[in-house]
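Asks: Here's my sequence, what's the structure:
(one chain, ligands or ions: 1)
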Amino acid sequence: MNATSSARYDAIIVGAGPAGIFSALELADSGLHVLLLEKGRDLEERVCPIIAGRADRCVSCRPCSMVSGFGGAGAYSDGKLTLTSDVGGLLGTVLDVERLHELIAYVDSIYVRFGAPDRLFGEGAAVGSLVNRAMLAGLRLVPVRIRHLGCEYCRCVLESMRTHLSSRVDIRTGTAVTGIEVDGTRVAGVRLASGETLECRFLICAPGREGAEWLTCLARSQGLSVETNPVDVGVRVEVPAPVTDELCRVLYEAKLEYYSSTFDDRVRTFCMCPNGDVVMEATGGDDPVVTVNGVGYANRVTSNTNFAVLVSTSFTEPFHEPIAYGKYLARLANLLSGGVLVQRLGDLMEGRRSTDARLSRSLVRPSLAAATPGDLSFVLPYRYLTDIVEMLKALDRLAPGVASPHTLLYGVEVKFYSGRLDLSSCLETGIENMFAVGDGAGVSRGLVQASVSGIVAAREVLARA
Ligand SMILES: Cc1cc2nc3c(=O)[nH]c(=O)nc-3n(C[C@H](O)[C@H](O)[C@H](O)COP(=O)(O)OP(=O)(O)OC[C@H]3O[C@@H](n4cnc5c(N)ncnc54)[C@H](O)[C@@H]3O)c2cc1C
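Replies: Here you go, the predicted model:
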């Protein structure tokens, strides 16, 4: 071990998103000496200049407070807890399904214990009727029980967790991990950007999508095998709230899937934010790109609803760079707009760019005022645009108004699921006592499964300690 070592821990957790936080919560009362390292800011210091009204476009803060800091990407999120194994991650391929369901219920109970509201969506007879109507429209509706926190409760829940952890676990924010130390076949510690080295017996890496590229590079440099995950590329769609009112009242978020007739591609809706706002984020580690996302609130109501329409693409040999591909497309949008592009669906269909004048005539007022009117066909390949337009037309049969010429499309939305590390059923990597969890490891795609994965690794640490 390096001579600059300054401390020794039983367990170090890298990343204070839901995966890292739930690992920490599980280890908190074990008597183990645990350190939680986070490269972003602490919760109360996390402020997006656009949301705070200090900037009218993304200034690419490093790290971006939307996706980095205590709470991870979840801190500013809509806080939709999807209580199912069907969506939100791939843990069903690693864990026994019954165990996964138990862990999802356990995670949900912890969110409630720390202040999540009682109300559940996606239950009752109305769900079955929507599933049937979706089928008639050529769509598969995946019924999902959802607990909705809203941005405000997300922050409150995280504040309670932060307070609970602060007396039980060492927490260092503003501290980026750059590398790991390995002793033979076993993990021995981490290296920090400051040059400091910290020793540990167990390491749980939970760097999220923000640190996915870092983790993939680290894994490759250690000779660990990494499977190429699909890349999800698309747009954020914004419609007047009444258009999706029925879907949102019953389901809160409609998880819809469609196979395009032109390309037979899988297209899906993602992260529906009823009466919410479209937001920007700068993501992608040291080489960030500006992409689009959505948030919803518990108490604030806007007049629009937004959701993503994403096309999943699995690439074939010799391609192994889904993140680079997604970033390339996002960078094109950044180049043309200085951040995020917005276009009316009617303008896209007519082959013309949107302009301020055209937007001002639109029935939908853009909630993301910082988006630049433009033409998405200069950014997204024909295949993606065709898939997206087909999906919107199918969706229009279920929720009339979705394919209106006034509908706004923001681009681009990219989900960097990164490479998926080869992990055991307790989420251990090929390096002994080093675990990889959450979105960054490619095993989750949402708050609940990220949290579950953190617990799985922590319980294995407890069993071995
Ligand atoms: C705007 C928005 C809305 C969302 N809405 C929802 C929703 O409603 N429902 C849902 O289920 N999901 C939602 N998501 C997704 C959800 O937030 C993520 O799936 C979840 O946070 C993943 O958890 P994680 O712990 O794996 O990673 P993250 O939450 O991304 O946390 C990883 C943390 O690790 C830190 N980190 C990275 N690299 C390093 C390093 N080298 N050293 C130290 N620290 C590092 C990062 O700064 C980050 O804080 C949303 C995401 C966003 C951005």
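
Asks: Tell me which residue in the stretch 51-200 of the chain sits closest to the ligand.
Replies: Nearest residue of the stretch 51-200 of the chain to the ligand: residue 72, at 2.2 Å (Cβ to the nearest ligand atom). Just so you know, the C-beta spots here come from the backbone N, C-alpha and C atoms, and that holds for glycine as well.

Asks: And for the stretch 251-400 of the chain?
Replies: Closest to the ligand within the stretch 251-400 of the chain is residue 293: 3.9 Å, counting by Cβ to the nearest ligand atom.

Asks: And that residue, which helix or strand is it part of?
Replies: Assigned by DSSP states H and E, residue 293 falls within strand 289-295.

Asks: contacting residues around that strand?
Replies: 58, 60, 66, 76-78, 151, 235-236, 271-273, 276-283, 306-308, 327, 330-331, 333-334, 339-340, 368, 371, 410-414 (Cβ atoms under 8 Å, 6 or more residues apart in numbering).

Asks: rerun that using 7 Å as the cut-off
Replies: With contacts defined as Cβ atoms under 7 Å, 6 or more residues apart in numbering, strand 289-295 is touched by 58, 60, 76-78, 151, 236, 271, 273, 276-283, 306-307, 327, 330-331, 334, 339-340, 410-414.

Asks: neighbours of the residue in the stretch 351-465 of the chain that the ligand sits nearest to, just the number please.
Replies: Closest residue of the stretch 351-465 of the chain to the ligand, Cβ to the nearest ligand atom: residue 438 (2.3 Å). If you count neighbours by other Cβ atoms under 10 Å, residue 438 ends up with 37.

Asks: Hmm, residue 206 and it touching each other?
Replies: Yes: counting by Cβ atoms under 7 Å, residue 438 touches residue 206, with 4.4 Å between them.

Asks: Helices of the protein, residue ranges please.
Replies: Listed in chain order, the helices of the chain (DSSP state H) span 18-27, 97-113, 125-136, 150-166, 212-221, 245-251, 322-337, 345-350, 356-360, 382-398, 447-464.

Asks: for these, which one ends up most surrounded?
Replies: Ranked by mean neighbour count, the helices of the chain are led by helix 18-27 with a mean of 30 (mean count of other Cβ atoms under 10 Å).

Asks: which helices and strands sit right next to that one?
Replies: Where contact means 3 or more Cβ pairs under 7 Å, 6 or more residues apart in numbering; DSSP states H and E, helix 18-27 is packed against strand 5-14, strand 34-37, helix 150-166, helix 447-464.

Asks: Mind doing that once more with 10 Å?
Replies: If you count contacts as 3 or more Cβ pairs under 10 Å, 6 or more residues apart in numbering; DSSP states H and E, helix 18-27 packs onto strand 5-14, strand 34-37, helix 97-113, helix 150-166, strand 170-172, strand 197-205, strand 434-436, helix 447-464.

Asks: quick one: contacts for the residue lying closest to residue 63 once chain neighbours are set aside?
Replies: Closest residue to residue 63 apart from its sequence neighbours, by Cβ to Cβ, 6 or more residues apart in numbering: residue 40 at 4.6 Å. Residue 40 is in contact with 15-17, 46, 61-73, 75, 173-176, 208, 210, counting by Cβ atoms under 10 Å, 6 or more residues apart in numbering.

Asks: which of those count as buried?
Replies: With burial judged by 16 or more other Cβ atoms under 10 Å, the buried subset of the contacts of residue 40 is 15-17, 46, 61, 63-73, 75, 173, 175-176, 208, 210.

Asks: that older thread, without its sequence neighbours, what residue ends up closest to the residue of the stretch 351-465 of the chain closest to the ligand?
Replies: residue 19 (2.9 Å).

Asks: coming back round to it: so the residue of the stretch 351-465 of the chain closest to the ligand sits against residue 205, correct?
Replies: Yes: at 8.5 Å, residue 438 counts as touching residue 205 under the criterion of Cβ atoms under 10 Å.

Asks: Report the set of residues contacting both of the two.
Replies: In contact with both residue 438 and residue 205: 15, 19-20, 211, 215, 427, 457, using Cβ under 10 Å, 6+ apart.

Asks: Distance to residue 165 and pLDDT for these - can I get that in a markdown table?
Replies: Below are the shared contacts of residue 438 and residue 205 laid out as a markdown table (distance: Cβ to Cβ, whole Å; pLDDT from 0 to 100):
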| residue | distance to residue 165 | pLDDT |
| --- | --- | --- |
| 15 | 14 | 98 |
| 19 | 14 | 98 |
| 20 | 10 | 98 |
| 211 | 20 | 91 |
| 215 | 23 | 93 |
| 427 | 21 | 97 |
| 457 | 16 | 98 |
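
Asks: Can you sort out which of those also neighbour the ligand?
Replies: 15, 19-20, 211 (Cβ under 6 Å from any ligand atom).

Asks: would you turn those residues into a markdown table with distance to residue 82?
Replies: Below are those laid out as a markdown table (distance: Cβ to Cβ, whole Å):
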| residue | distance to residue 82 |
| --- | --- |
| 15 | 21 |
| 19 | 15 |
| 20 | 19 |
| 211 | 22 |
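
Asks: looking at it, residue 365 is touching residue 302, isn't it?
Replies: Yes: contact status for residue 365 versus residue 302: in contact at 9.4 Å, counting by Cβ under 10 Å.

Asks: Which one of these two is surrounded by more residues?
Replies: Neighbour count, other Cβ under 10 Å: between residue 365 and residue 302, residue 302 has more, with 19 against 14.

Asks: what sits against the nearest residue in space to the more buried one that is not next to it in sequence?
Replies: Counting by Cβ to Cβ, 6+ apart, the nearest residue to residue 302 once its immediate chain neighbours are dropped is residue 275, at 5.1 Å. Contact analysis of residue 275 by Cβ under 10 Å, 6+ apart lists 241, 244-245, 248, 296-297, 300-306, 367.

Asks: at 6 Å what do you get?
Replies: 241, 301-302 (Cβ atoms under 6 Å, 6 or more residues apart in numbering).

Asks: Over to residue 322?
Replies: Residue 322 sits next to 228, 231 when contact means Cβ under 6 Å, 6+ apart.

Asks: list the buried ones in stretch 271-291?
Replies: 271-285, 288-291.

Asks: close enough to count as contact, residue 17 and residue 69?
Replies: No: using Cβ atoms under 6 Å, residue 17 is not in contact with residue 69, being 9.2 Å away.

Asks: Residues of the stretch 51-200 of the chain that sit close to the ligand?
Replies: Counting by Cβ under 6 Å from any ligand atom, the stretch 51-200 of the chain sits next to the ligand at 63, 66-69, 72-74, 76-80, 82, 88, 176-177.

Asks: again, only this time at 5 Å
Replies: 68, 72-74, 77-78, 80, 176-177 (Cβ under 5 Å from any ligand atom).
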